[in-house]
Structures are given as C-alpha cells and as structure tokens.
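[1] need a 3D model of the following:
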Amino acid sequence: MPTLVIVRHGQSLWNKENRFTGWIDIDLSAKGIEEAQQAAEKLKEGDYTFDIAFTSALKRAQHTLDIILEGTGQTHLTVYKDKALNERMYGDLQGQNKDEARERFGEEQVHIWRRSYDVPPPNGESLKDTGARVMPYYEEEIVPHLKKGENVIIAAHGNSLRALIKHLEGYGDDEIVKVEIPTGTPKVYELDDELNVLKTFYLE
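    Numbers count the residues shown, from 1 in each chain. Okay, the predicted model is just below:
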C-alpha cells in the first residue's frame, strides 16, 4: 500500500518578514533551512523511502525538498517541478507586509481575502482557484504513481497543500480555511489500494 508524504516548505525570508509571498520566488531563511533539515531527520528516523518526488516551480519548496532528499540519502530520485503546485497567487497583496495591508485595506477585508474559500484578493487567487489547478495535476500526474503502489513525497506550500488536504481528508469549504499547516513538518498519509486514507499524522 502506498504512502504519501506532504511537506510545507520551511520558513522563507518573507515569512520571517511577515509579507505576502505568493508567486514571488523567495528562498528559505536560516530557520527554514533548519526546519527542512529537521524534516529530513524525522523522515530518516521513521525509515521513510520514496519512489518519486514532486514540488512547485518556486525555490523555497524546491530547496526544502533538496535538503530532505539529501538528508535521507535519496538524491537519486526523479523530481518533478510544476507551477500547478505553486503557492496561492496573492495578486496585489504580494510583497506587502501583512500589518501594512491591514492598515491599507482594513483588517476585516484582509481577513476575508486570507480566510475565505472563494474570495480572491485583487488580481490574485482564492483557495478555490488554487485547488482548481492543484487537483487536476494531482489526479493526472501523482495519482498514477500512488496507484502503482509507489511512495510519493510532495514539497509545496500552505495553500496548495490545503487544497490537497481538503480532498484527502474531506474537509468542507468553510473548514479547510481554518486548517493550519506547520512549516517543515512532514505529514504522512497511509493509503489503501483505492487511495482512501487509512491513517494520517504529522512527524513531530
């Protein structure tokens, strides 16, 4: 039976500065590198091995995956990189400090953009929009490997992984926006042959 592991990238430089990052290609902070190294250690301790790896087109997720594969001695794996797994596109909010955005647009409006399922910020994506690109990619490119019994690791972002978690765990639209995904902490899904979730847990 296949195992799927998902990991939100470690803290990025703009996470540290409390900025909306979205599709801006920002790398990991020193803490983010450390979080990725700790993720590798946890996976190594649990003896998790993979057949294939997927990540986004953004360097903070790619760097996290590189550190994990190096730390677990699996740098030989084929890695697929695709913008379908990118973070939610935050549009006009990208690059802005979150506190400054609240002052500019109002706290309630920023909260709606961040925590509603289907209301996008100006020129950006909602979580629903993000899921509309994540899920076809998952079904077409990742599911076939799982159905062959292969173990898969995905290193991506808070919102692209939220879309996947919504599908895997059956969250409702209003529930999924409240789900917090810690940075650099592997989440394991043990699946049956039909890809139903038998068990899921974080390696903490």
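[2] pLDDT on the helix or strand harbouring His145, on average?
    In the assignment (DSSP states H and E), His145 maps to helix 143-147. Model confidence over helix 143-147, given as mean pLDDT, is 98.
[3] could I have stretch 25-34 exported to PDB, CA atoms only?
    Included here for stretch 25-34 are C-alpha records, laid out as PDB according to Å, rounded to 0.1, in the frame of the first residue of the first chain:
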ATOM      1  CA  ASP A  25      10.400  33.500  -5.800                       C
ATOM      2  CA  ILE A  26      11.800  33.900  -2.300                       C
ATOM      3  CA  ASP A  27      14.200  31.400  -0.700                       C
ATOM      4  CA  LEU A  28      14.400  29.900   2.700                       C
ATOM      5  CA  SER A  29      15.500  31.800   5.800                       C
ATOM      6  CA  ALA A  30      18.200  30.200   8.100                       C
ATOM      7  CA  LYS A  31      15.300  28.900  10.300                       C
ATOM      8  CA  GLY A  32      13.700  27.500   7.100                       C
ATOM      9  CA  ILE A  33      16.800  25.600   6.200                       C
ATOM     10  CA  GLU A  34      17.000  24.200   9.800                       C
END
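[4] what's that stretch in contact with?
    Counting by C-beta atoms under 8 Å, 6 or more residues apart in numbering, stretch 25-34 makes contact with 9-16, 36, 58-60, 63-64, 67, 183-184, all of which sit outside it. Heads up, the C-betas are built off the backbone N, CA and C, glycines and all.
[5] one more pass at 6 Å, please.
    Contacts with stretch 25-34, where a contact means C-beta atoms under 6 Å, 6 or more residues apart in numbering, come from 10-14, 16, 58-60, 63.
[6] which parts of that stretch are buried?
    Judged by neighbour count (16 or more other C-beta atoms under 10 Å), stretch 25-34 contains these buried residues: 26, 28-29, 31-33.
[7] for stretch 99-109, same thing?
    Counting neighbours by 16+ other C-beta under 10 Å, one finds that the buried residues in stretch 99-109 are 101, 105.
[8] and the contacts of that stretch?
    Here stretch 99-109 makes contact (C-beta under 6 Å, 6+ apart) with 93, 110.
[9] repeat that for stretch 163-178.
    Under the contact criterion C-beta under 6 Å, 6+ apart, stretch 163-178 has outside partners 115, 117, 130-131, 134, 162, 197.
[10] Leu85: which of those residues is nearest?
    Compare each of those with Leu85 using C-beta to C-beta and the shortest gap goes to Val134, at 6.5 Å.
[11] the closest one against Ser160, yeah?
    Yes. Here Val134 lies in contact with Ser160, judged by C-beta atoms under 6 Å, at a distance of 5.1 Å.
[12] what residues does the helix holding His145 touch?
    The contact list for helix 143-147, computed with C-beta under 6 Å, 6+ apart, reads 2, 52, 152, 195.
[13] I'd like the next helix or strand past the biggest helix by length in the chain.
    Taking DSSP state H as the assignment, the helix of the chain that covers the most residues is helix 30-45. Reading on from helix 30-45 to the C-terminus, the next helix or strand found by DSSP H and E is strand 52-55.
[14] mind giving me the packing neighbours of the following helix or strand past that next one?
    For strand 52-55, the succeeding helix or strand toward the C-terminus, using DSSP H and E, is helix 59-71. Helix 59-71 is packed against helix 30-45, strand 52-55, strand 152-156, with contacts defined by 3 or more C-beta pairs under 6 Å, 6 or more residues apart in numbering; DSSP states H and E.
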